[in-house]
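> Mind folding the following:
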Amino acid sequence: MKKIILSLFLILGILSFSKEKKVYMPKVVITIMDDNFKNPIARTVEQSGVLTKALSLGDMVTFRYKSDEKKFAEKLIEEIWRMNKSLPNKLTFLIEQNEENTMVQILQLLKKYRYRGNVEVIELSYQKNAKILEQTSKNGWEYNQYSDLKDVAGEVEIGGVKYNKNEYVATLFMQKYDNVKR
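Reported below is the predicted structural model:
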């Protein structure tokens, strides 16, 4: 019994004094309206508070509430509506794997509002998300998942100059934490 207690204290001691620092990386969704890649919107999902961030265990387990993602989706759609006085004809969303639940909430909200425009979801991950695939296929929207951004095909026109879409999307992903409005 003493050995079990001693080993438990030893394990907990090693874990609690680990020099590894946890870095809190916010979830960021990049939105492009009507293929206007010149002015993308990068927004972060607000977490419930300090307790949520403190209880976050990195990629293994994160304590979060669905309402955070739902509130984010509502705020994003409301902001897009205010900017255009209506929803644009095409919305393109750029996400990474950890933003999948947020993207599902956005798609459900667009469906709820009976959005009739085109939606394109570009996800950087190693496998397709079944919920996003289901939402996009039901509504006739486009969902593209890439494990490498070099696979993104097409061109983007900004100020009359054409760029490779894969290079520009990669630049947006690299700069997304710099351009975030909370």
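> Stretch 125-141: end-to-end distance?
Here the two ends of stretch 125-141 are set 19 Å apart, with distance taken as C-alpha to C-alpha, to the nearest Å.
> What ranges does this protein have for its strands?
Using DSSP state E, the strands of the chain run over 28-33, 41-44, 90-96, 118-124, 142-146, 155-158, 161-164.
> of all those, which lies closest to Met1?
strand 90-96 (47.2 Å; C-beta to C-beta). No exception for glycine: its C-beta is placed from N, CA and C like everyone else's.
> looking at the strands of the chain, which has the lowest confidence?
Taking the mean pLDDT of each of the strands of the chain, the lowest value is held by strand 41-44, a mean of 81.
> from the chain's centre, how far out does it sit?
Distance, stretch centre to chain centre, for strand 41-44: 9 Å (C-alpha atoms, centre = their mean, to the nearest Å).
> quick one: the residue lying closest to Phe93 once chain neighbours are set aside from Gly159, how far?
Computed as C-beta to C-beta, 6 or more residues apart in numbering, the closest residue to Phe93 that is not its neighbour in sequence is Val121, at 5.0 Å. If you measure Val121 against Gly159 using C-beta to C-beta, to the nearest Å, the figure is 26 Å.
> swap in Ile11?
As it turns out, when the distance is counted by C-beta to C-beta, Ile11 lies 58 Å from Gly159.
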